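# dropping the sequence and predicted coords here.
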Amino acid sequence: MRKLVQQLGFSLVDQTKMVTAASEIARNTLIYGGGGDMRWQLLDDGIRKGLRLSFEDRGPGIPDIGLAMTDGWTSGHGLGKGLTGSKRLVNEFELQTAVGQGTTVTITRWK
């Protein structure tokens, strides 16, 4: 992961932001979703380059997205900063979920 953002020429600060966001989402995928898959995509829109990561699980889903995106709220024993903190570290953040079907979180950071 870090090698990808390095190859894209991200600054050290932006590398750290993307790696931290990815680590938080991966942790949530493992702990709350029971594991899952991560896909990555290098982006180039002709003006800028970026990296998009999608984390997908087949866990219980998130019943209340608004509540889950509130700082300090947790359905477990964490600090409740994973989703909201990750959102602040990236340029684009998308969360799709269905109760009983799982959750997909997609994050993008542009250079």
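The structure has been received and is ready for your questions. Numbering: from 1, shown residues only.

# just checking, next helix/strand downstream of the longest helix along the chain?
What stands out as the longest helix in the chain, according to DSSP state H, is helix 12-31. The first helix or strand that comes after helix 12-31 along the chain, using DSSP states H and E, is strand 36-44.

# what is the mean pLDDT for the helix or strand just after that next one?
The helix or strand immediately downstream of strand 36-44 is strand 49-57, counting by DSSP H and E. The predicted model assigns strand 49-57 a mean pLDDT of 96.

# what does strand 49-57 rub up against?
Residues outside strand 49-57 that contact it (Cβ atoms under 8 Å, 6 or more residues apart in numbering): 1, 4-5, 8-9, 18, 22, 25-26, 28-29, 32-44, 91-92, 102-111. Backbone N, C-alpha and C define where each C-beta goes, glycine included.

# extract the C-alpha set from the worst-scoring helix or strand of the chain on mean pLDDT and format it as PDB.
Of all helical and strand segments in the chain, the minimum by mean pLDDT, DSSP states H and E falls on helix 65-68, at a mean of 83. Output of helix 65-68 as PDB, limited to C-alpha atoms (Å, rounded to 0.1, in the frame of the first residue of the first chain):
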ATOM      1  CA  ILE A  65     -25.100   5.200   8.800                       C
ATOM      2  CA  GLY A  66     -25.700   8.600  10.400                       C
ATOM      3  CA  LEU A  67     -25.000   7.200  13.800                       C
ATOM      4  CA  ALA A  68     -22.000   5.300  12.600                       C
END
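
# what helices and strands are in contact with that helix?
Applying 3 or more Cβ pairs under 8 Å, 6 or more residues apart in numbering; DSSP states H and E, one finds that helix 65-68 contacts strand 92-98.
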